[in-house]
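> my questions concern the predicted model and sequence given below.
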Amino acid sequence: MTAKIIDGKAFAAQIREKVAAHVARLKSDHDMVPGLAVVLVGEDPASQVYVRNKGKQTVEAGMAGFEHKLDAATSEEDILRLVDRLNADPKVHGILVQLPLPDHVDSSKVINRINPAKDVDGFHISNVGLLGTGQKSMVPCTPLGCLMMLRDHHGSLSGLNAVVLGRSNIVGKPMAQLLLADNCTVTIAHSRTKDLARICRGADILVVAVGRPEMVQGDWVKPGATVIDVGMNRIQHPDNPDKTKLVGDVDFAAAAQVAGAITPVPGGVGPMTIACLLANTVTACCRAHG
Ligand code: GUN
């Protein structure tokens with residue numbers, strides 16, 4: 001079997017088009033411009049790339065983008081003060097503080113200072129609680145993007161066995177909550193799980209977010225399963241030691257021989273995350289204006 005490739009790049013482009021159309025209507029009918037503030041502390045190269053892409057796509061969608069780049073040595077107090085200012089700014093409907101923050105900053109404290117209604121990442125403890133209890137919340141962008149691709153491919157997810165490999169607050173845990181809310185039978189597996197391969201082989205839906213290059217082997221995948229690879233790992237290029245190559249957490253070539261559908265890296269989950277961020281910002285803007 002050769003798997004269907006789930007094209008996250010094309011799907012994300014469709015979402016961005018819908019977002020841009022919604023933004024245009026908000027502007028013409030209500031004189032409203034959704035605004036997204038992104039806070040980047042320090043010079044982590046991967047974070048800089050993400051923030052640049054977010055800023056570019058925000059503007060392309062017709063929204064207002066506010067970038068705050070702070071020195072790596074900025075104190076926690078100053079970051080909290082900036083969050084307070086953004087919370088109070090009526091032009092800002094969404095606030096994203098890029099993670100990871102430097103070690104001297106308490107990330108939870110900063111995230112929980114964001115007004116939950118502006119928390120477009122869905123990381124605030126109130127949004128985490130709302131999601132976990134099935135109430136209306138801001139939903140974290142990466143798991144939301146994965147869910148959209150799964151719903152698009154399967155239609156209903158009801159009754160399917162889903163295995164989420166990885167238990168992070170950003171992806172693994174909210175992903176499991178979303179799949180549970182869609183009536184999947186959900187297993188969360190992680191680095192201490194016994195017989196990981198066997199657990200994964202039981203999955204109709206396998207979502208992998210562990211940050212380990214090509215960890216999931218072809219024989220970990222149930223024939224016909226849908227594999228969503230959240231991993232983004234830069235490794236040395238196998239054919240040229242001077243170059244790097246972006247790979248996921250799944251051995252794509254091997255898994256694609258077995259799976260029914262699979263997301264590639266790059267071009268799978270990655271583009272969906274930013275598209276969902278833009279969509280969350282429009283949602284926050286609409287909710288702010290009743
Ligand atoms: N760092 C890596 N992924 C994310 C994300 O989705 N949101 C934020 N704020 N930081 C991240």
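Ah, there it is.
> so what's residue 167 closest to, chain neighbours aside?
residue 190 (4.7 Å; Cβ to Cβ, 6 or more residues apart in numbering). The C-beta positions use only the backbone N, C-alpha and C, and glycine is treated the same way.
> show me what contacts the one you found?
Neighbouring residues of residue 190 by Cβ atoms under 8 Å, 6 or more residues apart in numbering: 165, 166, 167, 172, 210.
> same thing with residue 222?
Contacts of residue 222 by Cβ under 8 Å, 6+ apart are 200, 201, 202, 203, 204, 206, 258.
> now residue 265
Per Cβ under 8 Å, 6+ apart, neighbours of residue 265: 229, 231, 232, 246, 247, 248, 250, 252.
> turn those residues into CSV, columns for distance to the ligand, neighbour count and pLDDT.
Below are the contacts of residue 265 laid out as CSV (distance: Cβ to the nearest ligand atom, whole Å; neighbours: other Cβ atoms under 10 Å; pLDDT from 0 to 100):
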residue, distance to the ligand, neighbour count, pLDDT
229, 15, 29, 98
231, 12, 25, 98
232, 9, 20, 95
246, 15, 14, 95
247, 17, 19, 97
248, 15, 29, 98
250, 19, 34, 98
252, 21, 23, 98
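> count of neighbours near the closest residue to the ligand within the stretch 1-150 of the chain?
When scored by Cβ to the nearest ligand atom, the stretch 1-150 of the chain has residue 99 as its residue closest to the ligand, at 3.7 Å. Neighbourhood size, residue 99 [other Cβ atoms under 10 Å]: 15.
> what about it, helix or strand, and which?
Residue 99 belongs to no helix or strand when assigned by DSSP states H and E.
> same check on residue 51?
Assigned by DSSP H and E, residue 51 falls in helix 45-60.
> what sits up against that helix?
16, 20, 36, 38, 40, 64-65, 67, 69, 96, 98-100, 274-275, 277-278, 281.
> among those, which ones are in helices?
Using DSSP state H, the members of the contacts of helix 45-60 that fall in helices are 16, 20, 274, 275, 277, 278, 281.
> endpoints of stretch 129-149, how far apart?
24 Å (Cα to Cα, to the nearest Å).
> buried stuff in that stretch?
By 16 or more other Cβ atoms under 10 Å, the buried positions in stretch 129-149 come out as 130-131, 137-149.
> what's the answer for stretch 19-27, then?
Neighbour counts over stretch 19-27 (16+ other Cβ under 10 Å) mark 19, 20, 22, 23, 26 as buried.
> thinking again about what came up before, which of the contacts of residue 222 sit farthest apart?
Greatest spatial distance among the contacts of residue 222 (Cβ to Cβ): 202 and 258, at 13.9 Å.
> of the two, who's got more company?
The neighbour comparison of residue 202 against residue 258 (other Cβ under 10 Å) goes to residue 258, with 21 against 14.
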